[in-house]
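Asker: Please find the sequence and the predicted model below.
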Amino acid sequence: MWKFIVRRLFITAPQIVLLSVLVFLMAQMMPGDALSGLIDPNIDPQAIEQQREKLGLNNPWYVQYKDWVVSALQGDLGQSFRFKMPVTDLVEQRLINTFWLSLATLIITYLIAIPLGITSGRFNDTLRDQIITGYTYIGFATPLFIFALVMLWLFGFHFQWFPTSGSVAPGSEAGSLSYVISKLHHLLLPAISMALITTVNTVQYLRSEIIDTKQKDFIITARAKGASESRVYNRHILRNSLLPIAAFFGYEITGLIGGTVFVEFIYSYPGMGLLFMDSILQRDYSVVTSVVLLFGIASILGALLSDIILSLIDPRIRIK
Amino acid sequence: MILLINQILNVSNLTTSFRIKDDYYAAVDNVSLQVFKNEVLAIVGESGSGKSALAFSIMGLHTRAKMEGNIYFKGEDLVNLSPAKINKMRGKDMAMIFQDPLTALNPLMTIGEQIGEALLLHNKAITKKSRYEQVIKLLQLVGIARPKYTYNQFPHELSGGMRQRVIIAIAISNSPELLIADEPTTALDVTIQAQILDLIRELKNEMQAGIILITHDLGVVAEMADRIAVMYAGEMVEVADVHTLFENPLHPYTRSLLNSVPNSKQKQDRLHVIQGVVPSLQNLPRTGCRFAHRIPWVTETAHEKMPQMHEVEPQHYVRCTCYKHFDFLEKNKEDHKHGIS
Amino acid sequence: MDSKHAYVEETQEQMRSVKSPSGISIMWRELVRDKVALFSLIFLILITTFVYGISLFLSQEEIVTVDLFAIHEPPSSEYWLGTDYGGRDIFGQLIIGTRNSLSIGILVTLMTGLIGIIYGLVSGYYGGTIDNMLMRIVDFFMILPFLMVIIVFVAIVPKYTILSFSLIMTAFLWMGIARLIRSKALQERELDYAQASRTLGSSHLKIMFTQVLPNLSSLIIVTMTLNLAANIGLESGLSFLGFGFPESTPSLGTLLGYARNPQTLEFRWWVWVPAAVLIFILMLSVRNVGEALKRATDARQRRG
Amino acid sequence: MEFLEVKNLKVHFPIRGGLFNRKIDAVKAVDDVSFQMEEGKTYGLVGESGSGKTTIGRAIVGLNKITAGKIFFEGKDLASAKNKSIRKDIQMIFQDPYSSLNPKKRVLDIVAEPIRNYESLTRKEEKQKVQDLMERVGLSAEAILKYPHEFSGGQRQRIGVARAIALKPKLIIADEPVSALDVSVQAQVLNFMQDIQKDLNLTYLFISHDLGIVKHMCDQIGIMYKGRYVESGKKEDIFTNPQHIYTKRLIAAIPDIDPRNRDFQKNHRRDVQKMYDQSYHEYFDKEGLAYHLQHISESHQVALPHRKVD
């Protein structure tokens, strides 16, 4: 198993390097540079040129890349010209918000997916299954952003059960109970909206996984031993079907990232996704590249996590 | 003469049908058979003959089949027994060995867990320690060299022969009275096959169990069986004890089968060929002699309209009267004339 | 009775017993049997003909021209579905938008399909080191936060057109089908028929495209159909965010984008609800067809 | 000149592992095997799963890369590039009649595939040829527009044979050609293979794990174990005078079709097994592999260490 994990890490390292190169190249292609925001017609162009030289902006690209990587490793992701502050500081609070939103979404996703998937797979082709399958059909056909819009319209504006923007009520004091409740209140509608749509994937996957496992020979062996129907399900079918779901966990992160862009944008929830959208609309490119880099690393680590989970729970990989 | 008191299983007029599209088709059609203590009853037939469907019917493992008739076992009729009661008997009083040792074990559970489960299911009070000891004992019994090591192994770490031993260990864990072995050696090499068959035979003698051995391999039958039931197209066509059947096979299908195997004893240039193919479930002839279309040179009048099992000599049963008119020589002459390949 | 005769009879017997037609006709049969899917298919055909037909008589330029005298008009006999903030007719935009969304969805599906099929086929058929290398590339693309990357590219590409938009989408969406085709090709190449072709003197290229590819056809059809639904959704999502079609080229997403304004979302439903409903029905229908095809290819899930 | 000569053939498959997935070891699927075949005869290659018998067959038709050694067909080296055209003289029949025919192709296209690769015929000539081949294997000529799934297992195997003989090959590698078929169908295919052998003067390399069938079909037999030969000789040599303990054990394991011999078989098998366990080290080297073959008669070779041969 250790060999597997170490070998897997050997794949991860070049992925991160490749990602950084891609993000760096993207940054290079973007119009303007670190000084563009400061351009003021009153400043002598020669002084700007000197400044450029000093910042290393005239160096060949690989030297610039090296400088960029080194400073990124030290936690320096550049300056946001819009907010006039270091990107790292800007990102911190947003990252925390997005983390909570993602966590809530994941929890709701699995809370929905596991019981529905199991019911649907176990009682396939019954009325219950047809209702659940109908839900997955509709879920698959509904783009997240439309669903989120409708939810916002309905529960935010029409019924006014939930706030329609922000991550916490203004004026709440950090750490107080009302602060926590307000946070939850802000986060619930976006999280539910996202979870209801993203979960259909897992429901359908679990369903077909269970139907598949049901037809395996070792299930007949279990029945022939005298195992009752519930035992066959709990000990044999679920154990074997939930394994790929568990392994899928890390990959969910990649999916969530796309979702947060839409959901945070629609609910004006101040997380990384909204930051990304604001920055790209305002052409605040150092922030854009940082967000892409961070999300890229997050999904690389997610994929790594998935494979490690798989290697931990599947004896066919574990014992090698 | 076998005493009735030794009878452990009595299947009478069993019909098992599967639903295809909107109709039911009988894969096992009006089959009756008995199994006695400490005997091996071999059920022989080619693929599609219904022999595995019969085994699954007895074990109650069909999930979506319609079963009619009776299966008497331990004073109960399995056909009408509730699932919970069948569960109590399955794995305890009757057990099964499967064909493919590669897929019949749960890939995520250790060997020890899987055998232990069989013990636990029929003895809830068993302590962990005694369960472990019993599993080790079972592993030793089926000839696993390092039982304590194998206890913690997973199926993918074992060879095919070893896995089949584990499956046998599961089957015999509760000393069943009836053991059904469904093509237990088809997936194995000959030398392993010989070992597994020896093992099954030894275990039978030890446990005094009745064994139903399902196979298409006549060599295996000749070595293992006490009695033989030949199945064709869902029906029993001939039942007899092993010596009678090999010395005096009567039904044309039985005779054809025996003659189509390369025989190590007598020199044959050509093997006997049965014309045509086993019809699929939906296309089984449902009236008259089901084998008739494969022996077209036997006249129609030679067959019965409603073929019955006839006891031609004590304990030797043959279906349909066409056996009286079936002649290999005639068939061969025909072939010769037309240069059949 | 001579031998030939016997065998002919045998063949006829078999004909009657195993009447399982080839993949495509199973798919068709399943589709026709599944009432919902059939209805979806008919709906799709109708709406496609309608949208492409009507748009021949509509001028995109006329529709997207701002009319300051008719801003935010509710539905009326003149403007069936009202107007937007620029006084543009929603109904006209809906027709043109549906056409544009469908077009780009189909285009991207075909392009990603072409790349993915060839890439996956080569990777899976050759296997070994080639496969290993090609799949590492796919792995890398798979973990990219592709939505963001697409948005960034859309934002920085200097001459932004429909073609460059679809190329950008294609560049980050071909991996899924490549992976799928690859894993199936990996199985197929091990089958004896592919091996047999080698012994009969067929070249690798010939085996790949004339022997293996036909066996992937059902998988390809199913995947491409499901991808089409996903691509329509993704395009409208990008347009919604403002990074899809340019505003002069309306898409269903553009109309929904107006709902980013809370006023429009809350009070002017006619601007965005029709587009939302249409996207939903379009995706649902395409997926219904796709799922029915998928069931047809999976014998165990086939109905009846 | 031998019809087919396999000389010191080795086929190794790399085992990859370790951190960098480098080649760390090799499975020696075929490990230094030599044998010759006579024209017009059937040579049986016997062994249990993993013995390397299939790999040899696949190496001869070019499906497996040769690690070392040579294969000569009518004196010509098969590996040499200029001898590519002789590939069409060597064809193969596969084990699984279901997967060996492309399910998406009509029988016409399946049987015509080799013809299209090596001969340029018009559509009409090609169709005629395929129809002739179909009748040759006992199927109706009208069936050429059908798909494989419309045929039974035995019929499919005949289509496989029709395809294999389309180029009038001299040698046919038959890899377990009947092991996937029912007993009665087995007989059909075996009889038929013997018929076309006579008609077309074919040579068979018959690969099988079933000694009963090999005995029925073959003139010469080679027994393999873990990639090496343990014994080879005429059918009579192997069956009436087996010398290697492995061969003896293999033969003893064949179930006897006569129930009267049951007890004899059982005891015999136990005795052989005992002998096998006792004398294992005399017959196998330290790695558990067979020694090199030694002649014990003109036709009969056994893998024994030098000291065993007097």
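Answerer: Looks like it arrived, so ask away. Treat the numbers as computed from the prediction; the structure is a model and nothing was measured.
Asker: C:Glu73 in helix, strand or coil?
Answerer: coil (DSSP: H, G, I helix; E, B strand; the rest coil).
Asker: Does it touch C:Trp80 like I think?
Answerer: No: with contact defined as Cβ atoms under 8 Å, C:Glu73 does not reach C:Trp80; the gap is 10.7 Å. For the C-beta atoms, the positions are set from N, CA and C on the backbone; glycine is no exception.
Asker: In contact with C:Val149: list those residues for me.
Answerer: A:Leu22, A:Met26, A:Val292, C:Phe172 (Cβ atoms under 8 Å, 6 or more residues apart in numbering or on different chains).
Asker: The stretch 51-200 of chain B: helices as residue ranges?
Answerer: Counting by DSSP state H, counting those that start in this stretch, the stretch 51-200 of chain B has helices at residues B:51-59, B:83-89, B:111-121, B:128-141, B:147-151, B:160-172, B:190-207.
Asker: which stretch among those comes nearest chain C?
Answerer: helix B:51-59 (17.6 Å; Cβ to the nearest Cβ).
Asker: pLDDT averaged over that closest one, what's the number?
Answerer: Taken as a whole, helix B:51-59 has an average pLDDT of 93.
Asker: how about that helix against chain A, any contact?
Answerer: Yes: counting by Cβ under 8 Å from any Cβ of the partner chain, chain A has neighbours in helix B:51-59: B:Met59.
Asker: list the buried ones in that helix?
Answerer: For helix B:51-59, the neighbour count (16 or more other Cβ atoms under 10 Å in any protein chain shown) marks B:Lys51, B:Ser52, B:Ala53, B:Leu54, B:Ala55, B:Phe56, B:Ser57, B:Ile58, B:Met59 as buried.
Asker: Check stretch B:114-124 too.
Answerer: Of the residues in stretch B:114-124, those buried (16+ other Cβ under 10 Å) are B:Gln114, B:Ile115, B:Gly116, B:Glu117, B:Ala118, B:Leu119, B:Leu120, B:Leu121, B:His122.
Asker: Could you pick out the residues of chain A near chain D for me?
Answerer: A:Lys3, A:Val6, A:Arg7, A:Phe10.
Asker: The second one and A:Ala13: what is the separation?
Answerer: Right, the one you point to is A:Val6. Remark: distance between A:Val6 and A:Ala13 (Cβ to Cβ, to the nearest Å) = 11 Å.
Asker: Can you report how many residues lie near the closest residue to B:Tyr232 other than its chain neighbours?
Answerer: Nearest residue to B:Tyr232 in three dimensions, chain neighbours excluded: B:Tyr253, at 4.9 Å (Cβ to Cβ, 6 or more residues apart in numbering or on different chains). Applying other Cβ atoms under 10 Å in any protein chain shown, we find 30 residues neighbouring B:Tyr253.
Asker: quick one, what contacts D:Ile196?
Answerer: D:Arg136, D:Val137, D:Val161, D:Ile165, D:Leu202.
Asker: Quickly find the element holding it.
Answerer: helix D:183-200 (DSSP states H and E).
Asker: Run me through the strand neighbours of the helix or strand that comes right after that helix, direction for each.
Answerer: In the C-terminal direction, the helix or strand that comes right after helix D:183-200 (DSSP H and E) is strand D:203-208. Note on strand D:203-208: by DSSP bridges, its sheet partners are strand D:42-46 (parallel), strand D:171-175 (parallel).
Asker: Make CSV from the buried residues of helix B:51-59 and add distance to B:Val28 to it.
Answerer: Formatted as CSV, these follow (distance: Cβ to Cβ, whole Å):
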residue, distance to B:Val28
B:Lys51, 9
B:Ser52, 10
B:Ala53, 5
B:Leu54, 5
B:Ala55, 10
B:Phe56, 9
B:Ser57, 6
B:Ile58, 10
B:Met59, 13
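Asker: Please identify which of those is nearest to chain D.
Answerer: Closest to chain D, out of all of the buried residues of helix B:51-59 and judged by Cβ to the nearest Cβ, is B:Lys51, at 12.2 Å.
Asker: does the residue nearest to B:Tyr232 sit in a helix, a strand or a coil?
Answerer: Applying three-state DSSP: B:Tyr253 is helix.
Asker: how about the helices of the stretch 51-200 of chain B, which one is nearest chain D?
Answerer: helix B:190-207 (4.1 Å).
Asker: still on that earlier bit, looking at the contacts of C:Val149, state which has the most neighbours.
Answerer: Neighbour max across these (other Cβ under 10 Å) = A:Val292, 24 neighbours.
Asker: just checking, it touches A:Phe24?
Answerer: No: assessed by Cβ under 8 Å, A:Val292 is found out of contact with A:Phe24, at 10.6 Å.
Asker: Would you map the strands across the chain?
Answerer: No chain in the question, so chain A it is. A:79-80, A:85-86 (DSSP state E).
Asker: sorry, should have said chain D
Answerer: D:4-17, D:22-37, D:42-46, D:68-73, D:76-77, D:90-93, D:171-175, D:203-208, D:220-225, D:228-234, D:293-295, D:301-303.
Asker: Show me the strands paired with the shortest one, marking each as parallel or antiparallel.
Answerer: Put plainly, it is strand D:76-77. strand D:68-73 (antiparallel).
Asker: pLDDT (mean, whole number) over the strand it pairs with?
Answerer: 93.
Asker: Can you give me the buried ones in stretch A:293-306?
Answerer: A:293-306.
Asker: just those that are near chain C?
Answerer: A:Phe295, A:Gly296, A:Ser299, A:Ile300, A:Gly302, A:Ala303.
Asker: OK, contacts around the second one?
Answerer: Counting by Cβ under 8 Å, 6+ apart, A:Gly296 touches A:Leu19, A:Leu22, A:Val23, C:Ile143, C:Leu144, C:Pro145.
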